[in-house]
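**Q** here is a sequence together with a model predicted from it:
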Amino acid sequence: MNINPKKKLDDLLSVCNSSLRTVDTKLIEKAFHFSFNAHKNDLRASGEPYFIHPYNVAFVVAKEIAFDDISVAAALLHDIVEDTEVTLEDIKKEFGQNITDIVDGVTKITDIFRSHEVTQAENYRKLLISMVSDIRVMIIKIADRLHNMRTLEFIPPEKQIRVAKETLELFAPFAHRFGLAKIKWEMEDLAFKYLFKKEYIELSSLLIEKQKEREHYIKKFNQPIIKKLDAEKIPYSLEFRSKNLYSIHKKIVNRSSQLDSIYDIFATRIILETKDNNLCFSVYGIVSEIYKPIPERFKDFISLPKKNGYQSLHTTVIGQKGKMVEVQIRTRAMHEIAERGIAAHWLYKEQPSVLDKEMLSWVNWVREIFDNKTENTSKEFLESIKLNLYQDEIYIFTPKGDLKILPKGATIIDFAFDIHSDIGKQTIGAKINGRMVPIHTILHSGDQVEILTSKKQKPNPDWENYAVTHKAKSFIRKWIRDSEKSQISDGKEIWNKKVRKSKLNYELTDLEKMISSNGMADLNQFYLNIYYNKIDIDEYIHLLQLKSQPKTESSRSNQSIIEKITESTKHLRESINVFGKKDSFNYSFAKCCQPIPGDDIVGFVTTLSGIKIHRSNCKNLELLKIKKDERIIYLSWPKTDEENFLSAIYVIGKDRVGLLNDITNMIASFENTNIYSVNIKTKESFFEGVIMLFVKSTNQLNNVIEKIKSIKSIEKVDRYYDIH
């Protein structure tokens, strides 16, 4: 078969000029000749020159989809990298990055279909979209598949079945998603022809037999509608629409009925030459006056458009001889969008509700560009146009070709647990497309992943940092918790054995205080640290022994210390200021916190005991849960710039030579700070003691405490009243 290149090019340019918004003639000519020369030695299965295929794909893009000139040029080039010696780098040199990316995208999608059997159609649809950044890749692939279906007779039967199945399950829904109704119907009918040959022949024969009868009936049905529309001077055109074969077949199968009982096989379509959507409803009223409508068959796709942007009014009425006829009413803009889909969206200004959320922002951006168009509008738009459907998901192949859907950013760990938790917990690494990778590797759509496992492997807490899916994270957390339960139990048993051996009786609250002061969250963490040998059990045993010693002498000592401190500040404790002024009132100091000069203090008005003075941060005061403006009085100490006050600190640590000397030297290094008394007790390698000292203020006391904490061997230092 000989090709007349000049005639073919002229025909293509003619279609482009009549269908497209703008046409770069030089670009189309260059792509035409480049493709023609690259494919000149190749033949199709039909025996015709291979160039006929990319040419016809470009023709579909130009005429039936009518997208743009870049799409037409890329369609002419779409098979070059796959079937000739030309590389992507060659295309980039000749046509730039934009067209190269589109050709590369079409090639990658073709590779996916060659290497994997289609078993999960919806997942494959999402996979393909997730891999596509430019909508023109899918536009060209749809046109490519349509032409392949039109020439399917020339390939072996087993391949016919595979391609027809892919078309029915994947490409026809894609065409529908983009609003390409005619292409969808043709794809479905061609697939129906090869997948259900017997049913196709029987149904097409029946329809052909009754074709003239249907056309005669619909012509008679339309006459009163035409007469009324003309009388009302409404601009319109009428079309006869017959449902495609595959749709009729599905209805017959789903309803278990005969052809004669399918009432909406054919329909009349009224297309209004207006931008006023409300006129559609007026015409619906006219039709309803002529023929009796079936209320439950009324569908308003104008107020509630379909996801692909389709808008129209549908009604079913009772026509002559009692036959039911579907009537569709829409404006010219609605009709263009219904026929040409997404390519027509920016040609007509529709309401945002035309589109679903996934495409809304994209189409609004398209319209904004064309509303504010400049000389570079088409170039700027077509270079940066993006499709973001399903971009938050990735689609990964197992070694057997099954698809797994994961969130964007998912790693090997997520994929392993998605297959099975037993696989996940034994994962040591993986192969992505045959290449070894670690478990934290991030996956991308189209990757084929083989998980590597070991029975010796166990999850560890770091895995949670690599996982993003709930399934993986929850399993890892549960595994860690379950493992810790056993370790906590073992640690607790070690502790209890030590306690029994030392014949220790202790208060649990004392142990909890010690745990908290050492930065541990709770007893479970304490037992875990014992299990992992992170703490010295003997140290805790000894400290608790000191705490649990008989309190008789200690209590007298405690009382003596409190009395001495109280006595040293007696004159100040009797001169409390109320709201900054000296005043005479009945008050006493709370024993729970024993305020001393320098502490921030408040008074709590009691019903029987007058005013109780607390430190403002007293925990007991917080437990009273009182409102600030009700029973609280703000108090202050009298000024005492020249006086020192007696206070006390409580110290616990490991005994060593020179420790007491280090403590006293540290205290002496503070100006205006003098030691009043030191009472230290030692037992084995531990010591406990109370140091009474004169200080200028509580701030100075706190500074002394912090410095003593930094001394080697000191385990705990606190203000005396916070301990006892």
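**A** Perfect, thanks for sending it.
**Q** give the next helix or strand downstream of the longest helix along the chain.
**A** What stands out as the longest helix in the chain, according to DSSP state H, is helix 470-501. Going down the chain from helix 470-501, the next helix or strand is helix 508-517, by DSSP states H and E.
**Q** pull the CA atoms of that next one into CSV?
**A** The C-alpha coordinates for helix 508-517 follow below in CSV (Å, rounded to 0.1, in the frame of the first residue of the first chain):
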residue,chain,number,x,y,z
LEU,A,508,5.3,2.3,96.8
THR,A,509,4.9,6.1,96.6
ASP,A,510,8.6,6.4,97.7
LEU,A,511,9.7,4.2,94.9
GLU,A,512,7.5,6.1,92.4
LYS,A,513,9.0,9.4,93.5
MET,A,514,12.5,8.1,93.0
ILE,A,515,11.6,6.7,89.6
SER,A,516,10.1,10.0,88.5
SER,A,517,13.1,12.0,89.8
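**Q** and the next helix-or-strand element following it, what other elements does it pack with?
**A** Moving toward the C-terminus from helix 508-517, the first helix or strand encountered (DSSP H and E) is helix 523-531. Here helix 523-531 touches helix 470-501, helix 508-517, going by 3 or more Cβ pairs under 8 Å, 6 or more residues apart in numbering; DSSP states H and E. C-beta: built from backbone N, CA, C; applies to glycine.
**Q** and helix 523-531 with helix 470-501, angle?
**A** 70 degrees (axes from the mean of the first three to the mean of the last three Cα atoms, to 10 degrees).
**Q** what does helix 523-531 rub up against?
**A** Contact with helix 523-531 is made by 484, 487-492, 494-495, 511-512, 515, 520, 535, 537, as judged by Cβ atoms under 8 Å, 6 or more residues apart in numbering.
**Q** give me that answer again for 6 Å
**A** 487-488, 490-492, 494-495, 515, 520, 535 (Cβ atoms under 6 Å, 6 or more residues apart in numbering).
**Q** quick one: average confidence on stretch 53-66?
**A** On average, the pLDDT along stretch 53-66 is 91.
**Q** just the CA atoms of it, as CSV, please.
**A** What follows is stretch 53-66, C-alpha atoms only, in CSV (Å, rounded to 0.1, in the frame of the first residue of the first chain):
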residue,chain,number,x,y,z
HIS,A,53,-1.1,3.8,12.8
PRO,A,54,0.5,6.9,14.4
TYR,A,55,-1.1,9.0,11.6
ASN,A,56,-4.6,7.7,12.5
VAL,A,57,-4.0,8.2,16.2
ALA,A,58,-3.1,11.8,15.5
PHE,A,59,-6.2,12.1,13.3
VAL,A,60,-8.4,10.9,16.3
VAL,A,61,-6.7,13.4,18.6
ALA,A,62,-7.3,16.2,16.1
LYS,A,63,-10.8,15.4,15.0
GLU,A,64,-12.7,13.2,17.6
ILE,A,65,-11.0,14.6,20.7
ALA,A,66,-9.9,18.0,19.4
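**Q** quick check: buried residues in that stretch?
**A** The neighbour-count check on stretch 53-66 (16 or more other Cβ atoms under 10 Å) flags 53-66 as buried.
**Q** same question for stretch 482-498.
**A** Of the residues in stretch 482-498, those buried (16+ other Cβ under 10 Å) are 484, 488, 491-492, 495.
**Q** ok, stretch 457-472 next?
**A** Applying 16+ other Cβ under 10 Å to stretch 457-472 flags 459, 463-464, 466-467, 469, 472 as buried.
**Q** in helices only, show me those residues.
**A** 463-464, 466, 472.
**Q** could I get those residues as a markdown table with pLDDT?
**A** Formatted as a markdown table, these follow (pLDDT from 0 to 100):
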| residue | pLDDT |
| --- | --- |
| Trp463 | 91 |
| Glu464 | 88 |
| Tyr466 | 89 |
| Ala472 | 89 |
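**Q** tell me the one of the residues you listed nearest Lys712?
**A** Glu464 (37.5 Å; Cβ to Cβ).
**Q** close enough to count as contact, the closest one and Ile476?
**A** Yes. Between Glu464 and Ile476 there is a contact under Cβ atoms under 6 Å: 4.9 Å.
**Q** now the buried residues of stretch 53-66 as TSV including secondary structure and distance to Leu406?
**A** Shown next, in TSV, are the buried residues of stretch 53-66 (DSSP: H, G, I helix; E, B strand; the rest coil; distance: Cβ to Cβ, whole Å):
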residue	secondary structure	distance to Leu406
His53	helix	36
Pro54	helix	35
Tyr55	helix	40
Asn56	helix	38
Val57	helix	33
Ala58	helix	36
Phe59	helix	39
Val60	helix	35
Val61	helix	33
Ala62	helix	38
Lys63	helix	40
Glu64	helix	36
Ile65	helix	32
Ala66	coil	37
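**Q** Phe61 and Val72, how far apart?
**A** If you look again at residue 61, you'll see it is Val, not Phe. 5 Å (Cβ to Cβ, to the nearest Å).
**Q** does Ser421 really touch Ile476, like I thought?
**A** No. Look at Ser421 against Ile476 with Cβ under 6 Å: they stay out of range, at 9.9 Å.
**Q** okay, now the unreliable bits of the stretch 51-200 of the chain?
**A** Within the stretch 51-200 of the chain, the ranges that satisfy pLDDT under 70 run 111-133, 177.
**Q** mind jotting down where the strands sit in the stretch 351-500 of the chain?
**A** Counting by DSSP state E, counting those that start in this stretch, the stretch 351-500 of the chain has strands at residues 393-397, 403-407, 427-432, 435-437, 449-453.
**Q** mean neighbour count, those: which tops it?
**A** Most buried of the strands of the stretch 351-500 of the chain, by mean neighbour count (mean count of other Cβ atoms under 10 Å): strand 393-397, with a mean of 22.
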